[in-house]
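[1] Quick one, what's the 3D model for this:
(one chain, ligands or ions: 2)
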Amino acid sequence: MRRSIATVSLSGTLRQKLEAVAAAGFDGVELFEPDFTHFPGMAGALGRMAADLGLTIDLFQPFRDFEAMPPGLFARSLDRAERKFDLMQAMGAPLMLCCSNTSPLSVDEPELAAEQLHALAERAARRGLRVGFEALAWGRHTARYGQAWDIVRRADHPALGLILDSFHTLSLRDDPAAIADIPGDKIFFLQMADAPLLSMDVLQWARHHRVFPGQGDFDVVGFYEQVLLAGYSGPLSLEIFNDMFRETPNRRTAVDAMRSLLYLESQVRQRLATRAAAARPDARAADVLQVRELAEPPAAPEFAGVAFIEFAADEATAPGLGMQLRQLGFRRAGRHRSKAASLYRQGDIAVIVNAEPASFARSRFELHGPSVCALGLRTPQPQAAQDRAVALRSQRHRSPLGPGEVEVPAIVSPGGNLMHFVDERLGPDGLFAADFVPDEDDDTAPDAGLRRVDHIALGLSLEQYDTWTLFTRAVLGLSLAESQELADPFGLVRSRAAADVARSLRLVLNASLSSRTLTARTVGRRGDGGVHHIAFASDDIFDSVARLRAQGVAFLPISPNYYDDLPTRFDIEPALLARMREAGVLFDRSADGDFLHIYTRAAADEGLFYEVVQRIDFYDGYGAANSAARMAAQAQAQT
Ligand SMILES: O=C(O)c1ccc(O)c(O)c1
Ligand SMILES: [Mg+2]
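    Ligands and ions are numbered 1, 2, ... in the order given. So this is what the prediction gives:
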């Protein structure tokens, strides 16, 4: 399996792009011609540079506005092609991408298009080169792969084949099923791109909003499956035009790119295995040439809740964090055997405050101040979870172990915090029993009835939003809800939830479109991928709130207008409404159940805040409808 990527997909100079692509383990690139036009060297030098990095130049693109032209223009286009063939030969690129004509001068005559492409292929063949024809979704007369294939078939030249691009097919909601009937050796190249479902002009959509497979909403797996069933055995390439990727540091983009391909391959591999094993086995599936070359990471782990949340602190800030936790009803349950770390417990929740000098936590503290630096996720398959993450290009993390301490497989999540995979078989206390010496406080505050972590919300920069989408989906195997845009008084916040099937692990990804929202400021202080707020579940939110208020916890004040509005939206018992109004509790309802929740005020210097939630019946959301109430209250609480 050769993996490739178009140079247009990354930021940087051409040299930097190639270096990033090579470092991420790609075999080749599609050279986007404008990258070459501004390259300070000749084609031969570029070819040598790529070769020195261990990369091939698999394709030269795009050659535009060629087929179905009136004769005068056609002759000129052939001359233009010869100049490009010169370059391709000098740089060692064997294949030219010719995209379907968008010129108003082109004519709707497939026979003419075929004839002219035949002539182009003949010129290419004389030099040992090949041409691939790709239907652009906005091509003047050829927009669908079926039309492009019809022209390629009519042209009938061995040096002319089809180029497929998932974006063009899926954006037009065209059915990829007929791809499987195209002879695999006539498909010369495959470009994969995903995209969010948007209703907009297809050219704008294609040039600005493509994302890597697994980051969008298209059925890219179904598309790739059809291409493999056709018998295609060429490179699997990414071609992503995306405004954000043009500015994101290219090393990060290249890792996301590789992760997306490996994830795509693993999903297709499973589909093909299912077809081959079906009651009436699919002979073509069994014959797919590349199936053994498709990536096969260990299966995504199951989760069984959040085992712990770890704060980074130092000697000066650890006591303050401890006080805050006590106020929230946690008791100090132990001190670490070998590190300057304390354990706080309430219900099933465990919070570690780590002030160990010269540790990973301290390095995060130095960057971001007191903040969450690691999450422990409980799973029956901790080693497989880590192995999958590493197979999908996450970094393994090893912490120094003291005597008798339990080794917990860990990885670095995007943005640099840690994720530990804690063996479920250790039980709720097992990990802590080994690592922490029991040490109950004397001055413990009363338990506030917080039972478990309901969800953890992360603050992300916009450029990390797609990275986290792919990370949660591919590495953690979570499923994602739709993105929503929430109104902070100082700008919009894009938000989507990721959760496991059992709903034992819920992460909320928040990215601000503005630089002035609370989310944006959290990212500035806490770093990209930092924890923005933590929601704890209570079985009786009113009781928990009363206890917390008695401990001096301050909650966000909610406008009386909110409570006047609620009964116009929902049929709520007056007694419940009165209780909510009095307690400052917010309300949401879906077809599955109700949701009661409340937010603490952000500690003045921290940014981080807490939420208490109560899910009734099978409510599965996060009260997004109340986020505007929350953000307005936060803005007002700060003035
Ligand atoms: O947007 C374009 O022009 C363009 C060019 C080449 C491609 O392969 C493609 O999918 C789009
Ligand atoms: Mg394309």
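[2] Give me the pLDDT for the residue of the chain with the smallest separation from ligand 1.
    Proximity of the chain to ligand 1 (Cβ to the nearest ligand atom) peaks at P62, 3.8 Å away. No exception for glycine: its C-beta is placed from N, CA and C like everyone else's. For P62, the model assigns a pLDDT of 98.
[3] for D620, same thing?
    pLDDT, D620: 97.
[4] what about whatever residue of the stretch 51-200 of the chain ends up closest to ligand 2, distance to I240?
    Nearest residue of the stretch 51-200 of the chain to ligand 2, counting by Cβ to the ion: D165, 3.4 Å away. Separation of D165 from I240 (Cβ to Cβ, to the nearest Å): 11 Å.
[5] Name the residues contacting each of the two.
    Residues touching both D165 and I240 (Cβ atoms under 8 Å, 6 or more residues apart in numbering): A193.
[6] what's the residue of the chain closest to ligand 1 sitting at in phi/psi?
    phi -100, psi 150 (degrees, to the nearest 10).
[7] same thing with A307?
    When read as degrees, to the nearest 10, the backbone of A307 gives phi -80, psi -40.
[8] which of the residues in stretch 91-106 are buried?
    Neighbour-count burial for stretch 91-106 flags 91-102, 106 (criterion: 16 or more other Cβ atoms under 10 Å).
[9] Likewise for stretch 50-64?
    Using 16+ other Cβ under 10 Å as the test for burial, stretch 50-64 gives 50, 53, 55-64.
[10] Flag the shaky bits of the stretch 351-500 of the chain, pLDDT-wise.
    Flagging of the stretch 351-500 of the chain using pLDDT under 70 yields the residue ranges 442-444.
[11] And for the chain?
    For the chain (pLDDT under 70), the answer is 286, 289, 442-444, 603-607, 639.
[12] near ligand 1, which residues of it show up?
    61-62, 97, 99, 134, 136, 165, 191, 206-207, 239 (Cβ under 6 Å from any ligand atom).
[13] hmm, try it at 5 Å
    Contact residues (Cβ under 5 Å from any ligand atom) of the chain with ligand 1: 62, 99, 165.
[14] Contact partners for T317?
    Counted by Cβ under 8 Å, 6+ apart, T317 has contacts 355, 365, 369-370.
[15] picking that back up, wait, the residue of the chain closest to ligand 1 touches L97, no?
    Yes. Using Cβ atoms under 8 Å, P62 is in contact with L97, at 5.2 Å.
[16] Identify the single longest helix in the chain, thanks.
    helix 250-277 (DSSP state H).
[17] so how far is that helix off the chain centroid?
    Centroid separation for helix 250-277 versus its chain: 13 Å, with Cα atoms, centre = their mean, to the nearest Å.
[18] one step back: spell out which residues are contacts of both of P62 and L97.
    E134.
[19] ok so, going back, turn the contacts of T317 into JSON lines, including secondary structure, distance to ligand 2 and neighbour count.
    As requested, the contacts of T317 are exported to JSON lines (DSSP: H, G, I helix; E, B strand; the rest coil; distance: Cβ to the ion, whole Å; neighbours: other Cβ atoms under 10 Å):
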{"residue": "A355", "secondary structure": "coil", "distance to ligand 2": "52", "neighbour count": "25"}
{"residue": "F365", "secondary structure": "helix", "distance to ligand 2": "46", "neighbour count": "23"}
{"residue": "G369", "secondary structure": "coil", "distance to ligand 2": "45", "neighbour count": "18"}
{"residue": "P370", "secondary structure": "coil", "distance to ligand 2": "47", "neighbour count": "24"}
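[20] Farthest pair within those residues?
    A355 and G369 (12.7 Å; Cβ to Cβ).
[21] hmm, back to that, for the buried residues of stretch 50-64, work out which two are farthest apart.
    L53 and R64 (28.1 Å).
[22] per the record, what domains does the chain have?
    Domain segmentation of the chain under automatic domain parsing yields 3-293, 306-438, 450-637.
[23] I'd like to know which of the ones you listed is closest to A300.
    Nearest to A300 among the domains of the chain is domain 450-637; the distance by Cβ to Cβ comes to 2.4 Å.
[24] give the contact list for the residue of the chain closest to ligand 1.
    Neighbouring residues of P62 by Cβ under 8 Å, 6+ apart: 32-33, 97-99, 134.
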